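**Student:** Here is the input, now give the coordinates:
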Amino acid sequence: DGAPASEPAHEPAAGDGAQLAVGEQADFEAAQAALDAGEGDRAAELFSAFRETYPGSPLEPRAYLGHGRALEAAGDMRAAARAYLDGFSAHPEAEVADETLYRLGLALGALDRVDAACPILADVELRFPASPYASRAQEKMGELSCP
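**Tutor:** Numbering: from 1, shown residues only. Below you'll find the model as predicted:
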């Protein structure tokens with residue numbers, strides 16, 4: 001009938017006109033679907049495989065974030081913190097950099113690394129003052145009794 005196919009509701013934007021490889025969007029969405037379904041271990045595997053299969057992908061910052069969230073859901077907070085740190089270090093200007101940095105601070109707080117969590121949470125507001133994660137970071141700093 002010639003009607004356009006509907007777009008997925010949560011399709012991440014590649015940005016800058018970058019082209020995605022065949023299967024790249026589908027692989028990312030499969031990892032995200034596993035995370036959304038609460039399958040932390042499976043999602044972590046899929047996000048890790050995505051990053052290995054599509055190095056330099058425009059979706060890579062989101063894949064790091066998803067990998068960290070999946071590891072968190074699987075109960076591996078130390079590995080989640082590493083994924084957030086790696087993701088932010090690799091993509092400090094990405095669209096999801098604010099959330100990645102915030103989640104790194106939360107993960108460090110959960111690991112009783114308040115000495116490391118506090119400056120990272122403070123950095124969320126410094127780097128991303130307009131982000132909704134800035135106020136969340138401030139709240140968490142209060143909970144952790146940051147100086």
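**Student:** Give me the pLDDT value at the spatially most central residue of the chain.
**Tutor:** Centroid-nearest residue in the chain: Leu65, 1.6 Å away (criterion: CA atoms, centre = their mean). pLDDT recorded at Leu65 is 98.
**Student:** then the helix or strand containing it to CSV, C-alphas only?
**Tutor:** According to DSSP states H and E, Leu65 maps onto helix 60-73. What follows is helix 60-73, C-alpha atoms only, in CSV (Å, rounded to 0.1, in the frame of the first residue of the first chain):
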residue,chain,number,x,y,z
GLU,A,60,29.2,2.9,20.9
PRO,A,61,28.7,5.5,23.8
ARG,A,62,25.2,4.0,24.3
ALA,A,63,26.6,0.5,24.2
TYR,A,64,29.1,1.4,27.0
LEU,A,65,26.2,2.8,29.0
GLY,A,66,24.0,-0.2,28.3
HIS,A,67,26.8,-2.6,29.2
GLY,A,68,27.3,-0.9,32.5
ARG,A,69,23.6,-1.0,33.3
ALA,A,70,23.5,-4.7,32.3
LEU,A,71,26.4,-5.5,34.5
GLU,A,72,24.7,-3.7,37.3
ALA,A,73,21.5,-5.6,36.7
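**Student:** I'd like to check what contacts it. Which residues are they?
**Tutor:** 12, 28, 31-32, 34-35, 38-41, 43-44, 46-48, 50-51, 54, 57, 77, 79-81, 83-84, 86-88, 90-91, 94-97, 99-100, 103-104, 107 (CB atoms under 8 Å, 6 or more residues apart in numbering). C-betas here are computed from N, CA, C, even on glycine.
**Student:** of these, buried ones?
**Tutor:** 12, 28, 31-32, 34-35, 39-40, 43-44, 46-48, 50-51, 54, 57, 77, 79-81, 83-84, 86-88, 91, 94, 96-97, 99-100, 103-104, 107 (16 or more other CB atoms under 10 Å).
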